[in-house]
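**Student:** Quick one, fold the following:
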Amino acid sequence: MLRNPGRQCGVQYRTGNGAAGVWIVQRTINFRPILTACGVLIFMFALWPCCLASVRASEPARSMLVLEQSDVRGPFYATIFDAMRSTINDATPATSLYVENLDLSRFNGDQYEQAVETFLGTKYRDKPIGVVVTVGSAALEFGLRWRDKLWPGTPIVFAFVDEAKAASLNLPHDVTGRTTRLRLEDMVSAAQAIVPGLQQVVLLGDRLDTQTVFANFANELPTVAARMDVLDLTGVPMADLRQRVASLSERSAILYTAVYSDGRGTYFPPSIALQMIAERANRPIIAPVETYIGKGAVGGYVALPAVIGQEAAQLALRILDGEDAAGIPIRLGDSLCRCSIGRQWRGGEWISRSCLPAARYGIERFRYGRNIRDRLPLRRWSWFCRADSSLPFCTSIGAGAMRR
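**Tutor:** Numbers count the residues shown, from 1 in each chain. A predicted model of the protein is given here:
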C-alpha cells in the first residue's frame with residue numbers, strides 16, 4: 001500500500017513467473033520539489049513582461065527634443081539642426097528627433113512663454129523625451145525655467161551659449177554642453193587685419209539689449225571706444241542704414257551682428273539683411289558667423305554652425321546610450337572659430353599681405369597654379385589662414401567667399 005498518496009507515488013515492480021509472482025521492490029517518488037519548481041517557473045514567466053517594462057521605464061526614452069532659440073528658416077540655425085539630424089541618423093539604435101523653434105528673437109515676455117509652455121505640454125504629453133537639447137542661451141534659460149513642469153528629471157544638453165553666459169548661470173548637475181566664444185574684440189582684430197590704419201568701426205544690427213546672441217558686446221564697447229572711434233548704428237531702420245553705410249570714411253570697417261527687422265514691421269533672416277546692407281556699403285563688413293561669408297561679409301572669426309550641431313548631437317547620444325550627464329564636463333567647444341578672409345567689398349579687390357597679421361595667424365601663400373586651381377577657382381593671389389594650436393580659435397580657409 002502507498003502512504004501519503006498526495007505527496008508521493010509508489011511504483012512497484014514484479015519479478016518471477018506466473019500468477020504467484022513476488023513483489024520485491026517498492027519505489028516512491030516525492031513530487032513536492034517538482035511542483036514547487038514548476039510553480040516558481042510559471043510565476044517568473046508571468047512576471048517577465050512586468051519586469052521588462054520596469055527596466056525599460058528606468059532607461060531614458062530614445063528620443064530627443066531640440067529647442068531652437070531662433071527660427072531655422074535662417075541658414076545659421078538651419079545648418080545647426082541639419083548637422084544634428086545627420087549625426088543622429090548615422091547613429092544606432094534609431095532615435096526619435098523633435099524640434100521646436102521658439103523664435104525668441106522676435107517674441108518674448110511672460111505671456112508668450114506661458115503660451116509656449118502650455119503648447120509644449122499638450123503636444124508632448126504622450127511623448128517621452130530622453131534628452132532636451134537647447135540651441136542658444138535664451139533657449140537654455142527657457143528650458144531651465146520650464147523643465148521641472150514639462151520634462152521633470154530630463155537631462156539638458158546646451159549648444160551655442162557664450163562661455164561667460166554659461167558661467168553666470170547656476171546650472172543643475174544634469175545640464176551639460178559646449179560653450180562658444182563670440183567677442184567684439186575679435187571682430188575688431190579682424191577689421192584691423194583687413195583695413196590698415198583702422199580708425200573707426202561701425203556697429204550694425206538690432207539693439208544689443210534685444211539680441212539673444214550678441215548682447216554681451218555691450219560690455220566690450222567701452223574698451224573698444226577707448227582706442228578708436230565707434231559709430232553705433234544698432235537699431236537704425238534699414239532704409240536709413242543703407243544710406244549711412246554708403247558714405248563711410250576710408251579707414252573704417254563695418255561690424256555686423258544681426259538685423260531681424262527693417263524697423264517698420266518687416267522681419268527677415270539676418271543673412272538677408274546683410275545682403276541688403278552689402279549692396280550699398282562702401283567699406284568691408286566683418287562677420288561673426290560662417291553663414292554670413294559669401295553674402296556680403298569679408299570674413300572674421302566666425303562660429304561654425306555645423307560643428308555646433310554635431311557636438312550637441314554627440315553629447316545627447318552619449319546620454320541616451322546611458323552615460324550620466326553629470327559626468328560630462330562643460331567646456332569650450334571646437335566650433336571656434338576660423339578667420340575666413342574672402343573677397344573685399346563690392347570693389348572686388350583682394351586683400352594684400354600687408355593687411356594680414358602673419359606672425360599671429362600663420363599666413364600661408366599659395367600661387368594660382370595647377371594644384372590649388374584643381375580645388376578652388378581663385379584669382380592670381382590669395383592668402384589663407386591656417387590652423388594655429390596656440391590660438392583659442394581654430395583658423396582655416398573660408399573658400400566659398402573667395403570663389404568667383
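**Student:** any idea how far Glu113 is from Val259?
**Tutor:** 24 Å (CB to CB, to the nearest Å). From N, CA and C alone the C-beta is placed, and that goes for glycine too.
**Student:** same deal with Asn216?
**Tutor:** 22 Å.
**Student:** shaky segments in the stretch 251-400 of the chain?
**Tutor:** Filtered on pLDDT under 70, the stretch 251-400 of the chain yields the residue ranges 336-400.
**Student:** Could you pull out the strands in it for me?
**Tutor:** 252-256, 285-286, 301-302, 331-332, 338-339, 363-367, 381-385 (DSSP state E, counting those that start in this stretch).
**Student:** Could you do the stretch 1-150 of the chain as well?
**Tutor:** 8-15, 22-30, 63-68, 96-101, 131-135.
**Student:** Between strand 131-135 and the third one, find me the angle.
**Tutor:** The reference is to strand 63-68. On the basis of axes from the mean of the first three to the mean of the last three CA atoms, to 10 degrees, strand 63-68 is oriented at 20 degrees to strand 131-135.
**Student:** Span of stretch 268-284 from start to end?
**Tutor:** Start and end residues of stretch 268-284 are separated by 22 Å (CA to CA, to the nearest Å).
**Student:** ugh, wrong one, I meant stretch 269-287
**Tutor:** Using CA to CA, the end-to-end distance of stretch 269-287 comes out at 15 Å.
**Student:** Spell out the secondary structure type for Glu220.
**Tutor:** Secondary structure for Glu220, judged by DSSP: H, G, I helix; E, B strand; the rest coil, is helix.
**Student:** what sits against it?
**Tutor:** 183-185 (CB atoms under 8 Å, 6 or more residues apart in numbering).
**Student:** Which of these fall in helices?
**Tutor:** Counting by DSSP state H, the contacts of Glu220 place 184-185 in helices.
**Student:** Show the buried residues in the contacts of Glu220.
**Tutor:** Buried by 16 or more other CB atoms under 10 Å: 183-184, out of these.
**Student:** Which one of the contacts of Glu220 is nearest to Ala316?
**Tutor:** Arg183 (27.3 Å; CB to CB).
**Student:** contacting residues around that closest one?
**Tutor:** Neighbours of Arg183 in contact, by CB under 8 Å, 6+ apart: 220, 301.
**Student:** Roughly how far does it sit from Thr210?
**Tutor:** 19 Å.
**Student:** Ala325 too?
**Tutor:** Distance, Ala325 to Thr210, by CB to CB: 32 Å.
**Student:** Compare neighbour counts for those two and give me the winner.
**Tutor:** Per other CB atoms under 10 Å, whichever of Ala325 and Thr210 has more neighbours is Ala325, with 21 against 16.
**Student:** number of nearby residues for the closest residue to that one other than its chain neighbours?
**Tutor:** Spatial nearest neighbour of Ala325, chain neighbours left out: Pro155 (3.8 Å); criterion: CB to CB, 6 or more residues apart in numbering. Applying other CB under 10 Å, we find 26 residues neighbouring Pro155.
**Student:** Val298 too?
**Tutor:** 28.
**Student:** just the one 5 residues further on next, same as before
**Tutor:** The number of residues packed near Ala303 is 24, by other CB under 10 Å.
**Student:** do the one 3 residues further on as well
**Tutor:** When counting by other CB under 10 Å, one arrives at 17 neighbours for Ala306.
**Student:** so it sits right up against Arg85, yeah?
**Tutor:** No - taking contacts as CB atoms under 8 Å, Ala306 lies outside contact range of Arg85: 11.4 Å.
**Student:** quick one: Asn216 from Leu150, how far?
**Tutor:** From Asn216 over to Leu150 the distance is 28 Å, taken as CB to CB.
**Student:** so for stretch 210-230, what's the average pLDDT?
**Tutor:** Across stretch 210-230, pLDDT averages out at 94.
**Student:** got it, and stretch 176-196?
**Tutor:** pLDDT averaged over stretch 176-196 gives 92.
**Student:** Done for today, thanks.
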